[in-house]
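Trainee: Sequence and predicted structure are below.
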Amino acid sequence: MFFYDSLYILLVLPAVIFSMIASAMVKSTFNKYSKFRSHRGITGADAARRVLDANGLYHVGIQRVSGNLTDHYDPRANVIRLSDATYDNTSPAAIGVAAHEAGHAVQHAVGYMPIHIRAAIIPITNIGAKLTMPLVLLGILLSYYGSIFIYLAYAGVICFSLSTLFQLVTLPTEFNASRRALAAIEQYGLLDREELGQTKKVLTAAAMTYVAALAVSLMQLLRLVLLVQRRR
């Protein structure tokens, strides 16, 4: 079948397994270091507020949301939303995650290009994701009646490539936010050296999930290209 061919098994499945491992690792690492109370006793919300204020972002709010690792920065509402596991947690893990989200707010404020590119392509990426499989399937099926229809499949591949582009732009955005977070934590003395090492481990584990997401997208794109080329 289309979704379970040899190309999927050879190309995509290893990347999916890598993604699952990366996701498990970030949860395990966060849970491990969220049990430690930092010596200075500041919370994730406090850390985010200090990073924001130090960069003049007094207008950016901080809200609490339910869940675990559901933390994110919403540029439309100008608010950082911190999960239950981060908001009032004083651990190096929580402080690192909160500072990371504050790093995204700083990126928007200073005009960091990758994050603006990512925001700009989200609408067309969503459309492309919905059109990919219908176009690829339709193009392959109709190509039996005329070779011209194979270009519908290629159009589907192009639509999917937008998702890959999104993942590609996301990677430097996330790495940069983590670098900003670690620099701010050290500069403002939010954690001591040992605790900063724990935070690095949490943010590095989180970064690997984005590497894995890009790997999955690249392998999916390669699979689609090879499927269409095979039919042609």
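Mentor: Alright, I've got the coordinates. Numbers count the residues shown, from 1 in each chain.

Trainee: Which pLDDT value goes with Phe2?
Mentor: Phe2 carries a pLDDT value of 47.

Trainee: By mean pLDDT, point me to the weakest helix or strand of this structure.
Mentor: helix 6-7 (a mean of 86; mean pLDDT, DSSP states H and E).

Trainee: Share the number of residues neighbouring Glu194, please.
Mentor: When neighbours are counted by other C-beta atoms under 10 Å, Glu194 registers 10. Placement of C-beta: from N, CA and C, glycine included.

Trainee: What residues sit buried inside the helix or strand where it lies?
Mentor: In this structure, Glu194 sits in helix 193-231 according to DSSP states H and E. Within helix 193-231, the residues that qualify as buried are 195-196, 198-203, 205-221, 223-225, 227-228, counting by 16 or more other C-beta atoms under 10 Å.

Trainee: Return the distance of that helix from the chain's centre.
Mentor: Put simply, helix 193-231 sits 9 Å off its chain's centre (C-alpha atoms, centre = their mean, to the nearest Å).

Trainee: If you count contacts, what does it end up packed against?
Mentor: With contacts taken as 3 or more C-beta pairs under 8 Å, 6 or more residues apart in numbering; DSSP states H and E, helix 193-231 sits against helix 6-7, helix 13-33, helix 92-110, helix 113-142, helix 150-187.

Trainee: Check the average confidence over the longest one, would you?
Mentor: Read it as helix 150-187. Mean pLDDT, helix 150-187: 96.

Trainee: Stretch 82-102 now?
Mentor: Average pLDDT, stretch 82-102: 96.

Trainee: Return it as CSV; C-alpha atoms alone will do.
Mentor: Output of stretch 82-102 as CSV, limited to C-alpha atoms (Å, rounded to 0.1, in the frame of the first residue of the first chain):
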residue,chain,number,x,y,z
LEU,A,82,4.2,28.5,30.9
SER,A,83,3.0,25.1,31.8
ASP,A,84,2.2,23.8,35.3
ALA,A,85,5.5,22.1,35.4
THR,A,86,7.4,25.3,34.6
TYR,A,87,5.5,28.3,35.9
ASP,A,88,6.1,28.1,39.7
ASN,A,89,8.8,25.4,39.6
THR,A,90,12.2,26.5,40.9
SER,A,91,14.2,23.8,39.2
PRO,A,92,17.0,24.4,36.7
ALA,A,93,14.8,22.6,34.1
ALA,A,94,11.9,25.0,34.6
ILE,A,95,14.1,28.0,34.6
GLY,A,96,15.8,26.9,31.4
VAL,A,97,12.5,26.3,29.6
ALA,A,98,11.1,29.6,30.7
ALA,A,99,14.2,31.5,29.7
HIS,A,100,14.1,29.7,26.3
GLU,A,101,10.5,31.0,25.7
ALA,A,102,11.6,34.5,26.7
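
Trainee: who's in contact with the closest residue to Leu142 other than its chain neighbours?
Mentor: Leaving aside its chain neighbours, Leu142 sits nearest to Phe149 (3.6 Å; criterion: C-beta to C-beta, 6 or more residues apart in numbering). Residues near Phe149 by C-beta atoms under 8 Å, 6 or more residues apart in numbering: 138-139, 142-143.
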